[in-house]
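**Q** missing the sequence, but the structure's below:
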């Protein structure tokens with residue numbers, strides 16, 4: 001099992017991004033549909049691929065599930081089990097490696113979501129995709145944004161998912177909650193975002209993809 005060389009929760013905070021919270025009107029389903037269908041010009045924050053240990057990246061896709069709740073949208077996330085070979089114990093979106101039979105990244109994200117958390121695709125309205133995100137473990141991940149309509153049932157795959165939970169989208173779409181951290185590794189200094197919420201430490205690629213969703217919605 002691959003073990004992290006550092007504990008991200010013990011790192012000092014370099015900075016807080018600090019942008020104003022996203023207007024509540026921009027977190028309404030109809031507004032999101034229009035924004036993802038016809039996005040304006042905007043700039044994504046993407047990590048440097050120099051930290052990848054692979055010559056060729058592994059293609060993967062995740063779903064950013066925006067659950068429609070009475071109090072507003074929330075983001076469904078998972079905590080990975082401790083025994084996995086990569087990203088063990090970390091907070092992730094449902095998703096994973098693309099297979100040859102997946103016709104596109106959307107198919108990968110929907111299949112993996114159903115396998116990992118039991119969320120059936122008939123509950124998911126795909127809105128669009130964010131730019132591919134390169135992880136430090138050598139995965140090129142396509143984030144697929146989807147609206148999720150309750151009621152639905154979930155069933156965690158015990159071999160991959162330790163816990164399923166939701167975080168209010170409004171919390172994640174507030175620059176005051178976006179911490180900038182950094183660590184010195186053998187390949188050089190690596191910087192990344194963290195968005196701690198209650199007992200969950202959201203960081204790394206998951207926080208980076210949420211940061212790009214924030215940029216797209218505030219553009």
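**A** Yep, that arrived. Small disclaimer: the values here were computed from a predicted structure and weren't measured.

**Q** pull out the buried residues from stretch 183-198.
**A** 183, 190, 192, 193, 194, 195, 197 (16 or more other Cβ atoms under 10 Å). The C-beta positions use only the backbone N, C-alpha and C, and glycine is treated the same way.

**Q** from one end of it to the other, what's the distance?
**A** End-to-end span of stretch 183-198 (Cα to Cα, to the nearest Å): 23 Å.

**Q** contacting residues around that stretch?
**A** Residues outside stretch 183-198 that contact it (Cβ atoms under 8 Å, 6 or more residues apart in numbering): 5-6, 8-9, 11, 14, 17, 47, 50-51, 136, 167, 171-172, 177-182, 201-204, 207-208, 210-211.

**Q** longest helix anywhere in this protein?
**A** helix 204-218 (DSSP state H).

**Q** what's it packed up against?
**A** Counting contacts by 3 or more Cβ pairs under 8 Å, 6 or more residues apart in numbering; DSSP states H and E, helix 204-218 is packed against helix 29-37, strand 58-69, strand 133-134, strand 139-148, strand 188-194.

**Q** neighbouring strands - and their directions - for the shortest one?
**A** Under the criterion DSSP bridges, strand 133-134 sits next to strand 139-148 (antiparallel) in its sheet.

**Q** tell me the angle of the strand it pairs with relative to strand 58-69?
**A** Relative orientation of strand 139-148 and strand 58-69, computed by axes from the mean of the first three to the mean of the last three Cα atoms, to 10 degrees: 20 degrees.

**Q** now strand 139-148: mean pLDDT?
**A** Strand 139-148 comes out with an average pLDDT of 97.

**Q** continuing past it, what's the next helix or strand?
**A** strand 161-168 (DSSP states H and E).

**Q** between that following strand and strand 139-148, how big is the angle?
**A** 60 degrees.

**Q** what residues does strand 161-168 touch?
**A** 67, 69, 71-82, 89, 94, 116-117, 154, 156, 197, 200, 202.

**Q** repeat that with 6 Å
**A** 74, 75, 76, 77, 78, 79, 81, 116, 117, 154, 156, 197 (Cβ atoms under 6 Å, 6 or more residues apart in numbering).

**Q** noted, bye for now.
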